[in-house]
Structure formats: C-alpha cells, structure tokens
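Undergrad: I'd like to go over a predicted model; first the sequence, then the structure.
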Amino acid sequence: MTTLTPRSFLYCSALNESQFCKSTNTDVTVIDLEDGVAKERKAEARAIVSGFYRCPVSACTALRINSIYHPEGLKDILLVNALPHKPNYVVMAMVESAAEIDIVRQNLSDSAIRLLVTVETPACMRVIYDVAAVSDGLIFGSADYAASLGVAIGGWTNILHARSQIVAAASYAGIPAFDTAYFKLGDEQGLAEECKQVMQLGFAGKTAIHPNQIDTINAAFTPTKAEIAHAEAVLATVESSGNNITKLDRMMIGPPFVKLAQKILARRRALEQKQGVL
C-alpha cells in the first residue's frame, strides 16, 4: 500500500475531547498539549489524553508536546509511553537542535511513532538541514517565527525566506514539509490562494485551526484530473520514446518531468486507497 502524505492537520486543544474526532475530513487531528493548554491545566489535559487513547483510535492523530527543555515536555513523553494506544505522530515544539529530536526518539517506547518538528524560531532555522535530517516531517510555525522577527503575523513576503528554507531542507532530507495555519477565519478565498502559493513552493500540505478550513486545504493538495491526465501522458510519451528526451504539447520533457509525474500519480494512488477521493 502507498503511504499517504497528509494534506491537512487540524489542531485542537487537549482539553476539548469533544473536538478530537469532530472533523472526519482532516487527514490528521493534532491534539495540542502545548500552546493550546494553559500551564496550570497541563495535568488535566494529560488526563484527558490518557482517557482518549485508552481505546483504539481509528482516525490518524498526532500529539503536540511541550518543549523537552521544559518539565512539561518530559511529562508529555512519559504520557505517550504510558498510553495503551499511541498517536501516529508526535509533534515537537520550539525545537532548536537536532539533538532534541534524537532524545525524544530514543525515549519513546514505540518506534513506529513518527516525529514532526515545528520550525518556529530563528534558532531552528539556523540548523534546519540538521533538524530535517533526523525528522519525519517539518511543520512551519509562522506565528512564533514572525513574532521573533518582530514582523506582522500572517504575512507573505516577510516570511517567504523561511518557507523557502523549510521546503528546501525537507526536500534534501526526503521528508514532507507542511505549511503554517491560515489565521483569517471565514476567508476561504484567501486560504485557497495561500494553499496554491505554498504548494507551488513545495509544501505537501497545510495546518488548520478550524474544521471549516479542511475541505479547502484538502482540495488544494489533491491532484486535479488535469494534473493526473498530464502526468499519465508524460509517462506514456517518455516510455514510447525509449526513455529519451522527447516532446509533449510543445514542451521538451525528460527525467525531471517523469519524476514529478510519478509523484503526482503516487499521491493519487495513496488518496484512492485512503478514501477514494478521486
């Protein structure tokens, strides 16, 4: 079976168990023990999470933990190890070195859990290639990153350099990169446009802060019928040429075009296996 790279991640506070499975459309629900929970309620949130994972969970889930430089982060790791049923992912926050990822991976009792790293500080950006090399995926946390720079949150040009570095590092490491959330609720057109822009940069999906954003994100990161038809035509044309450089619709095509076409068709197969969305 082809593994599906998620298109959408929906964040919800660990305090709100009723929200954990509310959106059936999101590819991954991220249960947040970090920013989504006030310091004085961390223990309460962990108790709720423990109860939720007491039974098998059919949906794909992630657990965002606190920084391991904070005692709450260490308690979160102990929580994950104690859960009878595990989340698919652990999302690390405020990472500033590759060593932190190694520490978490070595201390998780289940090696099947994939580690996603939130890139949200200039310190993390400084070692982004080292971080990507030991991660299973990168998530851009633009709000904290913009605040560190002292620039407006939710902008495009002022953080374009960060987006570009993240996708380059993720690509070099062979892992997916996921874009930050879109903070303007109710602006579906703006969300769709931002999805289009980050997909062109190389992001594989996008995070969300409200269930109403999921359909727009999933649609943006699902190959269209035209893209699939073009990918199939590229493969067929190159094969018929004996795998040589050839021409399709007045475009010279060769190995890079084949590589991209194979990626598009692989994503289609993964989506078909998941839910038959195409």
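TA: Structure's in. What do you need? Numbering: from 1, shown residues only.

Undergrad: just how off-centre is stretch 15-30 within its chain?
TA: Relative to the chain's own centre, stretch 15-30 is displaced by 15 Å; criterion: CA atoms, centre = their mean, to the nearest Å.

Undergrad: report the buried residues of that stretch.
TA: For stretch 15-30, burial by neighbour count (16 or more other CB atoms under 10 Å) applies to 15, 17, 19, 20, 23, 26, 27, 28, 29, 30. In this view, the C-beta of every residue, glycine as well, is placed from N, C-alpha and C.

Undergrad: got the CA coordinates for it in PDB?
TA: Extracted in PDB, the C-alpha atoms of stretch 15-30 (Å, rounded to 0.1, in the frame of the first residue of the first chain):
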ATOM      1  CA  LEU A  15      -8.700  20.000  27.000                       C
ATOM      2  CA  ASN A  16     -11.500  19.600  24.400                       C
ATOM      3  CA  GLU A  17     -12.000  15.900  23.900                       C
ATOM      4  CA  SER A  18     -15.300  16.500  22.000                       C
ATOM      5  CA  GLN A  19     -13.100  18.200  19.300                       C
ATOM      6  CA  PHE A  20     -10.700  15.300  18.800                       C
ATOM      7  CA  CYS A  21     -12.700  13.400  16.200                       C
ATOM      8  CA  LYS A  22     -15.200  16.200  15.200                       C
ATOM      9  CA  SER A  23     -13.700  16.700  11.800                       C
ATOM     10  CA  THR A  24     -13.800  13.500   9.800                       C
ATOM     11  CA  ASN A  25     -12.300  15.200   6.700                       C
ATOM     12  CA  THR A  26      -8.900  16.100   8.200                       C
ATOM     13  CA  ASP A  27      -6.100  13.800   7.400                       C
ATOM     14  CA  VAL A  28      -4.600  14.200  10.800                       C
ATOM     15  CA  THR A  29      -6.000  15.600  14.100                       C
ATOM     16  CA  VAL A  30      -3.400  17.300  16.200                       C
END
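
Undergrad: for it, the averaged confidence score.
TA: In this model, stretch 15-30 carries a mean pLDDT of 88.

Undergrad: again, but for stretch 41-49
TA: Mean predicted confidence for stretch 41-49 is 97.

Undergrad: got phi/psi on the nearest residue to residue 146 once chain neighbours are set aside?
TA: What sits nearest to residue 146 in space, not counting adjacent residues and going by CB to CB, 6 or more residues apart in numbering, is residue 153, at 4.6 Å. The phi/psi pair for residue 153 (degrees, to the nearest 10) reads phi -80, psi 130.

Undergrad: my guess is residue 153 contacts residue 145. True?
TA: No. Between residue 153 and residue 145 there is no contact under CB atoms under 8 Å: 9.0 Å.

Undergrad: those two - which one has more neighbours?
TA: Remark: of residue 153 and residue 145, residue 145 carries more neighbours, 24 against 15, as counted by other CB atoms under 10 Å.

Undergrad: who are the packing partners of the helix or strand containing that one?
TA: Element membership for residue 145 (DSSP states H and E) is helix 142-149. Under the contact criterion of 3 or more CB pairs under 8 Å, 6 or more residues apart in numbering; DSSP states H and E, helix 142-149 touches helix 122-126.

Undergrad: can you point out the buried residues in the helix it packs on?
TA: Those would be 124, 125, for helix 122-126 by 16+ other CB under 10 Å.

Undergrad: any buried residues in the helix or strand just after it, and which?
TA: Where DSSP H and E defines the elements, the next helix or strand beyond helix 122-126 is helix 128-133. Neighbour-count burial for helix 128-133, counted by 16+ other CB under 10 Å, picks out 128, 130, 131, 132.

Undergrad: stretch 59-71 too?
TA: Buried residues in stretch 59-71 (16+ other CB under 10 Å): 60, 61, 62, 63, 64, 65, 66, 67, 68, 70.

Undergrad: closest one of those residues to residue 172?
TA: residue 62 (23.4 Å; CB to CB).

Undergrad: and the spatially most central residue of the chain, how close does it get to residue 80?
TA: With distances taken as CA atoms, centre = their mean, residue 178 lies nearest the centre of the chain, 3.8 Å away. From residue 178 across to residue 80, the span is 20 Å (CB to CB, to the nearest Å).
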